[in-house]
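Enquirer: Dropping the sequence and predicted coords here.
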Amino acid sequence: MKRYALVGTGGRGIHAYGRAIVQRHADTATLVGLYDRNPLRARYASHECGDAPVYDDFDIMLQQARPEVLIVTCVDRYHHEYIVRALEAGCDVITEKPMTIDADKVRAILEAERRTGRKVTVTFNVRHMPYVTRIKEILRSGVIGRILSADMEWLLDRSHGASYFRRWHRMLGNSGGLLVHKATHHFDMVNWLIEAEPKTVYANGALRVYGSAGPYHGERCSSCAHTHECPFYWDAAAVPNAKRLYLDNEAADGYHIDGCVFDPEIDIYDTMSVAVRYTNGILLSYSLNAHRPWEGWQLALNGEAGRLEVGEFYSGHAAQDPNQHVTLYNIKGEKIVYDIPKAAGGHGGADDRLTERLFGERELPDPLGLMAGSWAGAMSVLIGAAANRSIATGEPVDIDALLGEFARR
Ligand SMILES: NC(=O)c1ccc[n+]([C@@H]2O[C@H](COP(=O)([O-])OP(=O)(O)OC[C@H]3O[C@@H](n4cnc5c(N)ncnc54)[C@H](O)[C@@H]3O)[C@@H](O)[C@H]2O)c1
């Protein structure tokens, strides 16, 4: 029976990890401690996760609960602090994406892992989506030959996209912005599919729809004078999960999840484009928009022997299609379509597959390399961190310069 503790008992901590351990993996895993800066939310999480013990102090939790593995699901800016402290206390670590938010913190994690000899796992659930796993298998079969370039666009709709501008994510210092917080999934997916590492990054970013660009400014939806005319008004109290997890626990830290999307303090971008050159010469063009009429992504991979077009639609015109598709154009100009039935479950069926590998009875074979460590975590964070730096300076950014003593040359 492996002993797990968890820091950051918000939505992801409870739903993806805490409950998975107590409800599906109680034969092999036990939750020995919960810690959150908000003690009220930690107590609520305990109630949701088999009455797991709550600690008011993180280090005391490590000493007294003696976890073998720490699960990190707190606000992104603090991931590195807990990862390093847990490694130093002799634990292995499972951390949510993004592994952390900037280059200094990436190096601190890599250094602590090397020094302690313990292991960091980064949970890139996108890799575990059956659809994405199938794309990897098709690519591995060599149908498009050596990959030369990739084009990806990711669209967040005005419901999901706006949510990042209401919560802690809306400050670069908390999340690294969407180029780190959100795009870490996308960059990891591309890095993993093309089996390559980034070398240089150039980016542009703008805040066009949210933040001070907006027509109204309030503190939060629940106290706003513009609820009738604002297209982004959101009643958190009407969402039972939001009420129980956040509104009911505001007294402990004052944090609210219905902040005004037009707050002038917002400093992340809602419109972004990034160009990445990989060490093996592959070129990636990527864009991310947080205010589109439908949500989903499209990726085209151009190889010497053909082109693969893939993508998913989470909302809007094509969201009801029971199948997902992989379209191959081979070098003869033929079009071959693979239909892949949509999987049920959280994040396209990924979450349960991921937790089965993390907490399940036996270690599953992993020929596709679904499980990711700190290096993959670093590679995806550093594309976003380099993009943020490039936007600020107007210059391309070299990933090895960000890696410092961990540079590859
Ligand atoms: N892989 C995915 O699909 C996915 C989905 C959602 C969230 N996530 C990740 O999970 C993590 C949590 O996201 P969430 O949606 O649950 O956010 P959340 O806001 O619901 O929860 C974050 C929790 O961290 C706590 N916290 C903040 N600062 C802390 C500190 N210094 N020490 C301890 N606790 C602290 C908060 O009180 C809160 O309970 C993030 O890193 C996010 O990127 C991943």
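Expert: Arrived safely. Numbering: from 1, shown residues only.

Enquirer: ok and the residue in the stretch 101-250 of the chain nearest the ligand?
Expert: Among the residues of the stretch 101-250 of the chain, Asn125 lies closest to the ligand, at 4.7 Å counting by Cβ to the nearest ligand atom. Every residue, glycine included, has its C-beta placed from N, CA and C.

Enquirer: oh, I was asking about the chain
Expert: Counting by Cβ to the nearest ligand atom, the chain gets nearest the ligand through Gly10, at 1.9 Å.

Enquirer: OK, contacts around that residue?
Expert: Each residue near Gly10 by Cβ atoms under 8 Å, 6 or more residues apart in numbering is listed here: Asp36, Arg41, Thr73, Cys74, Leu245.

Enquirer: just Arg208 next, same as before
Expert: Arg208 neighbours (Cβ under 8 Å, 6+ apart): Asp270, Thr271, His291.

Enquirer: Can you tell me which of those are buried?
Expert: Burial by neighbour count, 16 or more other Cβ atoms under 10 Å: within the contacts of Arg208 this picks out Asp270, Thr271, His291.

Enquirer: Report the beta-bridge partner residues of the second one.
Expert: Right, Thr271. Ala206, Asn289 (DSSP bridges).

Enquirer: dump the residue contacts of it.
Expert: By Cβ under 8 Å, 6+ apart, the contact set of Thr271 is Gly205, Ala206, Leu207, Arg208, Val209, Leu288, Asn289, Ala290, His291.

Enquirer: residue ranges for the helices of the stretch 151-300 of the chain, please.
Expert: Counting by DSSP state H, counting those that start in this stretch, the segments of the stretch 151-300 of the chain that form helices are 160-163, 172-175, 178-181, 183-194, 240-245, 250-253.

Enquirer: winner for burial among those?
Expert: helix 178-181 (a mean of 28; mean count of other Cβ atoms under 10 Å).

Enquirer: center of the protein, which residue is that?
Expert: Centroid check for the chain by Cα atoms, centre = their mean gives Lys97 as the closest residue, at 4.1 Å.

Enquirer: any idea what sits nearest it, other than its immediate chain neighbours?
Expert: Spatial nearest neighbour of Lys97, excluding adjacent residues (Cβ to Cβ, 6 or more residues apart in numbering): Thr184 at 4.9 Å.

Enquirer: Glu197 too?
Expert: Thr279 (5.1 Å).

Enquirer: Is Leu70 in a helix, a strand, or coil?
Expert: strand (DSSP: H, G, I helix; E, B strand; the rest coil).

Enquirer: how about the nearest residue to it, chain neighbours excluded?
Expert: Excluding its sequence neighbours, the residue lying closest to Leu70 (Cβ to Cβ, 6+ apart) is Ala86, at 3.8 Å.

Enquirer: quick one: that neighbour is in a helix?
Expert: Yes - under three-state DSSP, Ala86 falls within a helix.

Enquirer: correct me, but it touches Leu62?
Expert: Yes - between Ala86 and Leu62 there is a contact at 6.7 Å, judged by Cβ atoms under 8 Å.

Enquirer: Those two: who's more crowded?
Expert: A count of neighbours by other Cβ atoms under 10 Å puts Ala86 above the other of Ala86 and Leu62, at 27 against 23.

Enquirer: gap between the residue lying closest to Met99 once chain neighbours are set aside and Glu111?
Expert: Distance criterion Cβ to Cβ, 6+ apart; nearest residue to Met99, sequence neighbours excluded, is Gly377 at 3.2 Å. Separation of Gly377 from Glu111 (Cβ to Cβ, to the nearest Å) stands at 14 Å.

Enquirer: Of these two, give the one with the bigger neighbour count.
Expert: The residue with more neighbours, out of Gly377 and Glu111, is Gly377; 27 against 15, by other Cβ under 10 Å.
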